[in-house]
Every structure is written in C-alpha cells, then in structure tokens.
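Participant: Quick one, fold the following:
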Amino acid sequence: MTRQILHRLIEELPEEELTPAVRYLEFLAQRENEGPWSDSTYCDYALAQVRAAEQEILNENTVSLEDAKKLFPQCFGE
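Facilitator: Have a look, this model is predicted:
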C-alpha cells in the first residue's frame, strides 16, 4: 500500500463517507501518540460512565435485546 493509493481511495469516497473516514484516520494516527486513556479527564469521565451503567443494571433499568433492536434497528443491520 502506498500513499498514492490511499490518496486515490480518499478521492473516490462519496461525500457522506468523508467524516467517518477522517475519524478513522485520526484514530489510526493517534494510536502511535498518546491515547485517550492517558488523558486523566477523559479517563475519569469514561469510568464515571461505566459506573453509571453498572448502577443502571443494578437498578434493573435495562432494555431487552429485542426492545433494543426495535428502538435502534440501524445498529443491528435491520
């Protein structure tokens, strides 16, 4: 794979695919540098979200897989 091939592929992408492509390329470029887990603010936020989700499960505030498929069919390829 060469940079010329990558540039050609990018030029051929439909407009609606540019944002996801940029995000993915940024992700790949970031992997070599500091990742989000090295940012204490992000890490604290992410861990707080996990703890909140755990509490939701303990409180039985959950949605069945069948209901999730009905609510978010695009996430399940339906």
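Participant: Which strand or helix spans N61?
Facilitator: Remark: N61 resides in no helix or strand, with elements defined by DSSP states H and E.
Participant: and after the lengthiest helix in the chain, which helix or strand comes next?
Facilitator: Using DSSP state H to define each element, the chain has its longest helix at helix 40-58. Once the chain leaves helix 40-58, the next helix or strand it forms, by DSSP H and E, is helix 65-71.
Participant: Using the record's assignment, carve the protein into domains.
Facilitator: Listed by automatic domain parsing, the domain ranges of the chain are 1-33, 36-78.
Participant: show me where pLDDT drops low in this protein?
Facilitator: Counting by pLDDT under 70, the chain has low-confidence residues at 31-37, 78.
Participant: mind running it again at 90?
Facilitator: Across the chain, the ranges flagged by pLDDT under 90 are 1-3, 6, 23-46, 60, 62-64, 75-78.
Participant: before we move on, the earlier item: TSV please, covering the domains of the chain and showing mean neighbour count.
Facilitator: All C-beta atoms are positioned from the backbone trio N, CA, C, and that covers glycine. Converted to TSV, the domains of the chain look like this (neighbours: other CB atoms under 10 Å):
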stretch	mean neighbour count
domain 1-33	9
domain 36-78	10
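Participant: mind checking which helix or strand I10 is in?
Facilitator: Using DSSP H and E, I10 maps to helix 3-12.
Participant: Can you show me the CA trace of that helix as CSV?
Facilitator: Only the C-alpha atoms of helix 3-12 are listed here, as CSV (Å, rounded to 0.1, in the frame of the first residue of the first chain):
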residue,chain,number,x,y,z
ARG,A,3,0.3,6.9,0.0
GLN,A,4,-0.8,7.4,-3.6
ILE,A,5,-3.2,4.5,-3.4
LEU,A,6,-4.6,5.9,-0.1
HIS,A,7,-5.0,9.4,-1.7
ARG,A,8,-6.8,7.8,-4.7
LEU,A,9,-9.2,5.9,-2.4
ILE,A,10,-10.0,9.1,-0.5
GLU,A,11,-10.7,11.0,-3.7
GLU,A,12,-13.1,8.2,-4.7
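Participant: Good, wrapping up.
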